[in-house]
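*Asks:* just the structure for this:
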Amino acid sequence: KIIIERGNGMKKRILIILGIIMMFIVSCGGKHPAVKDFEDNMKIVQSGDTNKISDGSNKTFSSDVTPEMKAALGEGFKKITYKINKTTVNKDEVLINVTMQSPDLSGYIKEISQKIVGSLGQMQGKTEDEIGKEAEKISVELIKEKVKSGKTKEKTFDVLYKKTGDKWEPDPTANKELFDMLTMNMANVE
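*Replies:* I've put the predicted structure just below:
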């Protein structure tokens, strides 16, 4: 009788331990497809490999961007970090609350304009192609300088994913904060 009771107690313990292990496995392996897509895309961005970054239409990073510009932007992309705080699923929509930090290139447009205008005197007599190459060189240097400065911006926001057919995709019109952070705030003229 003692052996049988001891055996039943051991069975209960084993069942409880197995139950806990199963709950752990289910909770870890049960990532929503939208979260998985977001994380996969962020890995590509953080790799800094601009040849793998898509604009959403299956085209990779603009082919008219020079290798030097791609490399400068790629260094900035490598410094983007994020943390998923919470995920809210509501039928065909998923909100992924994220805290993201990226290099802060705000003011870039204003600064590049000032630098190019400042060097126009040196560009007189040059062809349009030579002027374009010089402007590109100034632009690349400014991006490298701003990324190297270590100035960052951190923001917490929601990323909205919607179900289209059987796929989950980020909503292109509802994710302005994500766009700003992934472009390292370049459009912010300050």
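*Asks:* any idea how far residue 100 lies from residue 138?
*Replies:* Using Cβ to Cβ, to the nearest Å, residue 100 is found at 28 Å from residue 138. (C-beta placed from N, C-alpha, C; glycine too.)
*Asks:* quick one, which of these two is more surrounded?
*Replies:* A direct count of neighbours by other Cβ atoms under 10 Å for residue 100 and residue 138 places residue 100 higher, at 21 against 16.
*Asks:* quick one: that one is in a helix?
*Replies:* No. Assignment of residue 100 by DSSP: H, G, I helix; E, B strand; the rest coil gives strand, placing it outside any helix.
*Asks:* just checking, it touches residue 80?
*Replies:* Yes. In this structure, residue 100 is within contact of residue 80 by Cβ atoms under 8 Å, at 6.8 Å.
*Asks:* name the single longest strand found in the protein.
*Replies:* For the chain, the strand that runs over the most residues, judged by DSSP state E, is strand 152-164.
*Asks:* could you give the separation of that one from the chain centroid?
*Replies:* Chain-centre distance of strand 152-164: 9 Å, with Cα atoms, centre = their mean, to the nearest Å.
*Asks:* now swap in stretch 79-96 and tell me
*Replies:* Relative to its chain's centre, stretch 79-96 lies at 12 Å (Cα atoms, centre = their mean).
*Asks:* which residues touch it?
*Replies:* With contact meaning Cβ atoms under 8 Å, 6 or more residues apart in numbering, stretch 79-96 is reached by 32, 34-35, 38-39, 42, 45-46, 97-103, 147, 152, 156, 158-163, 168, 181-182, 184.
*Asks:* filter those residues down to the buried ones.
*Replies:* Neighbour counting by 16 or more other Cβ atoms under 10 Å classes 34-35, 38, 42, 45, 98, 100, 102-103, 147, 158-161, 168, 181-182, 184 among the contacts of stretch 79-96 as buried.
*Asks:* thinking again about what came up before, mind listing the shared neighbours of residue 100 and residue 80?
*Replies:* With contacts defined as Cβ under 8 Å, 6+ apart, the residues shared by residue 100 and residue 80 are residue 181.
*Asks:* alright, calling it a day.
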